[in-house]
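A.B. asks: need a structure here:
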Amino acid sequence: MSSLPADPYRVLADNSLHSPLPLGTNASDENPDGKLPAVSIRELKKSYVLKSETVHALRGVSFDVPEGDYVAIMGPSGSGKSTLLNLLGCLDKPTSGNFFLGRDDVSTMSDDELAEIRSRRIGFVFQSYNLIQQYTVVENIQVPLYYQGRLGQAEKERAIELARMVGLGERLDHRPMQLSGGQQQRVAIARSMMNDPYFILADEATGNLDSVTTEEILNLFDTLNTQGRTIIMVTHEDEVAARARRIVRLADGLLSSDRINSEESRAEARRRQHENILALAQRKL
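C.D. replies: Numbering: from 1, shown residues only. Got it, this is the predicted structure:
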């Protein structure tokens with residue numbers, strides 16, 4: 001089930017943050033090329049008090065997400081996956097530890113500053129799409145800018161460009177009820193790129209889709225990543241995670257593994273997924 005709320009873009013417009021800096025692979029120390037990672041977390045911990053009992057949801061998680069990476073986060077119920085998702089989405093604050101976007105440590109920011117981060121630096125994709133039913137495709141794509149007061153002809157043209165990029169150029173004036181599930185998720189993906197974010201945070205983005213549409217959406221993520229987009233995807237499906245460049249697994253609030261998917265294994269995952277779809281199609285005949 002989706003963990004993120006419906007409206008992470010709400011923001012107070014009078015906040016200011018440091019200008020985004022170049023991104024790379026290590027948060028605390030600059031690399032030889034002078035770049036920083038898109039995302040870096042260090043000893044991130046989160047505890048809750050429930051009925052006088054302290055629950056340690058995260059116990060000290062550390063990893064980097066270099067610019068242009070494509071990471072799948074996995075873990076069973078109780079692993080801390082949903083807690084980490086909320087922290088990465090700047091919807092909650094850690095008990096201790098650091099969370100960097102570029103050089104900015106968002107773990108020390110106020111609620112208003114976190115709202116600004118959500119609005120400008122993170123692109124959200126939800127399991128249930130979270131489109132506004134009264135809005136057209138183009139209007140839904142522009143939603144992240146509504147709260148910033150940045151709506152004009154240039155922004156509309158960018159929304160149209162994004163709609164065309166995700167294959168919806170012929171449905172610009174359609175409303176969500178006139179679209180299939182896969183088309184609605186394409187709108188959501190276009191919306192996630194409207195603010196040119198540091199990274200796209202996808203929460204079970206294929207969870208409500210059939211196998212054919214899942215393949216289409218994963219192919220779109222592959223294309224975006226090839227174009228340089230940084231993607232962090234939370235999923236419970238092994239076949240979905242196999243399409244990412246890297247799989248981070250949590251267990252009992254700790255990082256249990258961090259594995260690179262080779263290009264050969266990713267190609268095999270794509271082939272296997274497509275063959276399964278063809279086999280299902282044959283069974284329906």
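
A.B. asks: and the gap between F124 and E116?
C.D. replies: 15 Å (Cβ to Cβ, to the nearest Å). Placement of C-beta: from N, CA and C, glycine included.

A.B. asks: show me where the stretch 1-150 of the chain has its helices.
C.D. replies: 81-88, 111-121, 137-141, 143-146 (DSSP state H, counting those that start in this stretch).

A.B. asks: which residues are in contact with the last one?
C.D. replies: Think helix 143-146. Contact with helix 143-146 is made by Y9, S119, G123, I132, Y135, L151, E155, R191, M194, N195, as judged by Cβ atoms under 8 Å, 6 or more residues apart in numbering.

A.B. asks: helix, strand or coil for R243?
C.D. replies: coil (DSSP: H, G, I helix; E, B strand; the rest coil).

A.B. asks: now for the residue nearest to H236 when sequence neighbours are not counted: which residues touch it?
C.D. replies: Here the nearest residue to H236 in space, its sequence neighbours aside, is M74; by Cβ to Cβ, 6 or more residues apart in numbering that works out to 6.7 Å. Residues counted as contacts of M74 (Cβ under 8 Å, 6+ apart) are K81, V234, T235, H236, D238, A241, I247, V248, R249, L250.

A.B. asks: tell me the buried residues within the residues you listed.
C.D. replies: Among these, those buried by neighbour count (16 or more other Cβ atoms under 10 Å) are K81, V234, T235, A241, I247, V248, R249, L250.

A.B. asks: and the third one, backbone torsions?
C.D. replies: In other words, T235. Recorded main-chain torsions at T235 are phi -150, psi 160, according to degrees, to the nearest 10.

A.B. asks: show me the contacts for it.
C.D. replies: Neighbouring residues of T235 by Cβ under 8 Å, 6+ apart: A72, I73, M74, E204, A205, T206, G207, A241.

A.B. asks: most neighbours, which of those residues?
C.D. replies: When neighbours are counted by other Cβ atoms under 10 Å, A205 leads the contacts of T235 with 29 neighbours.
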